[in-house]
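# below is the sequence, then the predicted model.
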Amino acid sequence: MCLGIPAKIIFIEGEMATVSIGGVEYPASLQLLPDASLGDYVIIHAGFAIEKIDLQEAEETIRIIQEIEKGFRNNTG
Amino acid sequence: MRFIDEYRDRKLVLGIAESIRKRSTRDIVLMEVCGGHTMAVHKFGLRELLPETIRLISGPGCPVCVSGTGFIDNVVKLAKMPGNIIATYGDLLRVPGSFSSLEQEKGTGADVRFVYSVLDSLEIARRNPDRTIVFPGIGFETTAPATAAAILHAHKEGLKNFKVLSSHKVMPPVMRALIDEGVKIDGYIAPGHVTAITGTEMYRPIVEKYGLGIVVAGFEPTDILQSIKMLVAQFEDHDPKVEIQYSRVVKPEGNSIARNLMNEIFELGDDRWRGIGMIPDSGLKIRRKYQSFDTEKYFDLPEAEETEPAGCICGEVLKGLKTPTDCTLFSRVCTPVNPVGACMVSNEGTCAAYYRYRQSEGHGR
């Protein structure tokens, strides 16, 4: 129910946007995220963009996970 | 797909799993609150990767499951009334109440329409001025702002034939109620998209009162495993706190625009949860100012009575006290095609998750 899908904003007209989810286009309301801009990645839930995806944080999470994995590999040789 | 594939990397998944194995020395019980997490745990076979010390239990985070038969019965009654159109999220269609479901009513001529967004139900209301459109409001803090937005639209437009039957609920009271009821939980894997709206402040009193850790988690396998690792580290170090693993989406302060909208339309009220009962201030009720959009005020619905299907242990499953395999109906009588209880109907119900992915489960923990 709280499913949220990563999507890219490809068109904005007023309060409504068109977003691309894996190449397929859907309408989405920006009413809950009025400062979203063209090209932003957002989380879509029930037809509403609810939050932006922070690209730096996304990379940071991957970096931390890679560190964990590397640390394990080095320790076990 | 970007923001999905990289978090499903097999090498990374196995790496975190091994690091958890090393870190965990004491028995720990973690509850994934959100139905989305339950599905992911089973879909990706994450429990098989965890050491014996870690027990994962599923919680009450499936709105369709916890809404109870009384709510469904009221929606069905509204569907039976001539002139009404029920515009609903698909999740609700097949959920059995005590005497019927929306799908059954649709089959016998009721006007029940599936909508992808609550905004679609506004459009139905605009196009059918002589009909009354009822939108069953289900979902937690992630979903409630969308319903609030729709009510505000209807208010501004003067769209008088749009009504909401709110079963919207909030998470913190049930997270406290479970522990108060005696369910043993050492840490919560907290719902990522709920917290994207609410922010993390609401969890602090829970950590302080009960001394358990809370980590806000994303929905991909590396997200969930990293969150488990963070909870294990807190537990091993006797340092419970609120942390955000899903930092690419969740900010500590949440989404204040969505929250303000939700607060404008709704106020907290007592609400009934399947398996748990009445929890004070756990439901979102439409404020008096907007009561012309409140189905309960408009139709004067009777207080919903709760009846559970005979033999169904959905309530116990929702509290993490039992697993679906403890149920005599599970997979024999109750299947996704022919569900008895809500935990099997909903895509993210614990029973549905067990049923769908049980082939890949190595053991029954």
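Cool, the structure landed. Numbering: from 1, shown residues only, chains lettered A, B, ... in the order given.
# residue B:307 touches residue B:98, doesn't it?
Yes: look at residue B:307 against residue B:98 with C-beta atoms under 8 Å: they come within range, at 4.4 Å. All C-beta atoms are positioned from the backbone trio N, CA, C, and that covers glycine.
# shared neighbours of these two, anything?
residue B:69 (C-beta atoms under 8 Å, 6 or more residues apart in numbering or on different chains).
# of those two, who's got more company?
Per other C-beta atoms under 10 Å in any protein chain shown, whichever of residue B:307 and residue B:98 has more neighbours is residue B:98, with 16 against 13.
# quick one: contacts for that one?
Contacts of residue B:98 (C-beta under 8 Å, 6+ apart): B:69, B:72-73, B:305, B:307.
# please apply the same query to residue B:86.
Counting by C-beta under 8 Å, 6+ apart, residue B:86 touches B:75, B:78-79, B:102, B:110-113, B:134, B:136.
# and for residue B:335?
B:344, B:355.
# so what's the residue nearest the centre of chain B closest to, chain neighbours aside?
Taking C-alpha atoms, centre = their mean, the centroid of chain B lies closest to residue B:62, which sits 2.8 Å from it. Residue nearest to residue B:62 in three dimensions, not counting chain neighbours: residue B:35, with 3.6 Å by C-beta to C-beta, 6 or more residues apart in numbering or on different chains.
# roughly how far apart are the one you found and residue B:60?
Distance, residue B:35 to residue B:60, by C-beta to C-beta, to the nearest Å: 9 Å.
# cool, and residue B:323?
For residue B:323 relative to residue B:60 (C-beta to C-beta), the value is 14 Å.
# these two: who's more crowded?
Using other C-beta under 10 Å as the criterion, residue B:323 and residue B:60 rank with residue B:60 on top: 29 against 18.
# run the chain-centre distance for the helix or strand harbouring the more buried one.
Element membership of residue B:60 [criterion: DSSP states H and E] is strand B:54-61. Distance of strand B:54-61 from the chain centroid (C-alpha atoms, centre = their mean, to the nearest Å) equals 13 Å.
# show me what the helix or strand that comes right after that strand packs onto, helices and strands only.
Note on strand B:54-61: by DSSP H and E, the next helix or strand toward the C-terminus is helix B:63-66. With contacts taken as 3 or more C-beta pairs under 8 Å, 6 or more residues apart in numbering or on different chains; DSSP states H and E, helix B:63-66 sits against helix B:314-318, helix B:342-345.
# can you rerun that using 10 Å?
The contact analysis (3 or more C-beta pairs under 10 Å, 6 or more residues apart in numbering or on different chains; DSSP states H and E) places helix B:63-66 against helix B:35-43, strand B:266-273, helix B:314-318, helix B:342-345, helix B:350-357.
# pick the most buried one from the ones you listed.
helix B:342-345 (a mean of 31; mean count of other C-beta atoms under 10 Å in any protein chain shown).
# distance from that helix to the middle of the chain?
The answer for helix B:342-345 is 12 Å, by C-alpha atoms, centre = their mean.
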